[in-house]
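Novice: need a 3D model of the following:
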Amino acid sequence: MSLPRRYLPSISLLSAFEAVCRTGSTAAAARELSLTQGAVSRLVQTLEGQLGVQLFRREGRRLTPTEAALAYARDVRKALDLIGRASLGLRANPGGGVLNLAILPTFGTRWLAPRLAAFLAENPGVTLNLGTRMRPFDFATETFDAAIHFGIRPWPEAEHLMLFEERILATCSPDLAAAQRLRGPEDLLKQSLFQLESRPNAWMSWCAHHGLPAPSRGGLMFDQFAPMLQAAVHGLGIALLPEFLARPEIAEGRLVAAPGEVVSGVGAYHLVWPAGVTPSPALAAFRDWIGRTVAEAAQ
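Specialist: The predicted structure is shown next:
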């Protein structure tokens, strides 16, 4: 059901209103929009008349937005941003779809990026925009169509496709392994054990799997796998890394697998997208492609 026209103000009215709320004055808004100050004031007054609501308190020549106007401006800003992004996407790719995808930094650079050429070759009409996010967010307040998520709980109000469970192994530099004469899993407990903020119990789980007591000493703390991997390469300690991240480094000789088995991590990687929304052709194509790619890699 379409809304009455009075509740669908023009872009020019909304742009002037949002600019005044954000910049704090009609003069600043006028400079930003390349309009006269009088034109901005008239646009704001027209919007108030169309909505039938006073949006600003007028104190001389100063406009002070009401609390309701500030809340309205936040929603208008999101809508204008969405329209702007959609327009840019259409201009950049008039013949295909656009997929805005949030990715985990290390997963995106180490697992996804090397494989994206195959997806783009299969779907030459799709424009892929990538942005990094470390934690779940609200799809209603972000402009992403989907996200790569790691965890054990479902993303709130979202559909998901599980990609693969995390498998981790202990790794270190070849020089450290030789110098410290690492022979068994118990030898690792004498070393500096790197910690990751998002996996606070990783070493406890690793030790329990190998029948060892909880480690009594820690090591450097990291917020991402990438700097942890580099610290391990430079011989600063032992890193528990996802198998997909560690294997290429081991193959190149930058790391070695420390004594111990590959163990299950604390979650899995998922592709997630908003529930109740029909996926766009671009998202459907990406979902099908990444599902096939994961299945082929597991064979």
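Novice: who does residue 101 bridge with?
Specialist: residue 130, residue 146 (DSSP bridges).
Novice: what's the longest strand in the chain?
Specialist: When the chain is scanned for its longest strand (criterion: DSSP state E), the result is strand 158-172.
Novice: buried residues, that strand. List them.
Specialist: Neighbour-count burial for strand 158-172 flags 158, 159, 160, 163, 164, 166, 168, 169, 170, 171, 172 (criterion: 16 or more other C-beta atoms under 10 Å). For glycine as for every other residue, the C-beta is placed from the backbone atoms N, C-alpha and C.
Novice: what sits up against whichever strand or helix holds residue 269?
Specialist: Using DSSP states H and E, the element containing residue 269 is strand 263-274. Strand 263-274 is contacted by residues 104, 107, 139-140, 145-152, 155, 157-169, 199, 201-202, 205-206, 209, 242, 279, 283, 286-287, 290 when judged by C-beta atoms under 8 Å, 6 or more residues apart in numbering.
Novice: could you find the closest non-adjacent residue to residue 37?
Specialist: Once flanking residues are discounted, residue 37 sits nearest to residue 30: 4.5 Å by C-beta to C-beta, 6 or more residues apart in numbering.
Novice: that neighbour: how many residues sit nearby?
Specialist: For residue 30, the count of nearby residues is 21 (other C-beta atoms under 10 Å).
Novice: and the helix or strand containing it, how far from the chain's centre?
Specialist: Per DSSP H and E, residue 30 falls inside helix 26-33. Mean C-alpha position of helix 26-33 versus that of the full chain (C-alpha atoms, centre = their mean, to the nearest Å) differs by 33 Å.
Novice: list the buried residues in the helix or strand following that helix.
Specialist: Next along the chain after helix 26-33, taking DSSP H and E as the criterion, comes helix 37-51. Using 16+ other C-beta under 10 Å as the test for burial, helix 37-51 gives 39, 40, 41, 43, 44, 46, 47, 48.
Novice: what's the first helix or strand after helix 37-51?
Specialist: Downstream of helix 37-51, the next assigned helix or strand under DSSP H and E is strand 56-59.
Novice: hang on, the earlier thing: mind listing what the residue nearest to residue 37 touches?
Specialist: Residues in contact with residue 30, defined by C-beta under 8 Å, 6+ apart, are 36, 37, 39, 40.
Novice: mind listing what's buried in stretch 61-68?
Specialist: Buried residues in stretch 61-68, counted by 16+ other C-beta under 10 Å: 63, 65.
Novice: okay, how far is it across that stretch, tip to tip?
Specialist: 21 Å (C-alpha to C-alpha, to the nearest Å).
Novice: tell me the gap between that stretch and the middle of its chain.
Specialist: In terms of C-alpha atoms, centre = their mean, the centre of stretch 61-68 is found 35 Å from the chain centre.
Novice: with stretch 281-288 instead?
Specialist: Relative to its chain's centre, stretch 281-288 lies at 18 Å (C-alpha atoms, centre = their mean).
Novice: touching it from outside, list them.
Specialist: Contacting residues not belonging to stretch 281-288 are listed as 96-99, 101, 119, 122-123, 126-128, 145-146, 161, 271, 273, 279 [C-beta under 8 Å, 6+ apart].
Novice: how about it as CSV, C-alpha atoms only?
Specialist: The C-alpha trace of stretch 281-288 is given here as CSV (Å, rounded to 0.1, in the frame of the first residue of the first chain):
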residue,chain,number,x,y,z
PRO,A,281,19.9,-11.8,-7.7
ALA,A,282,23.4,-10.7,-6.8
LEU,A,283,23.1,-12.2,-3.2
ALA,A,284,21.5,-15.4,-4.6
ALA,A,285,24.3,-15.8,-7.0
PHE,A,286,26.9,-15.2,-4.3
ARG,A,287,25.2,-17.6,-1.9
ASP,A,288,25.1,-20.3,-4.5
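Novice: which stretches in the protein count as helices?
Specialist: Secondary structure of the chain (DSSP state H): helices at 11-23, 26-33, 37-51, 67-92, 105-106, 116-122, 174-179, 202-209, 225-233, 243-251, 281-298.
Novice: for the first one, buried residues please.
Specialist: This points to helix 11-23. Buried, per 16+ other C-beta under 10 Å, within helix 11-23: 13, 14, 15, 16, 17, 18, 19, 20, 21.
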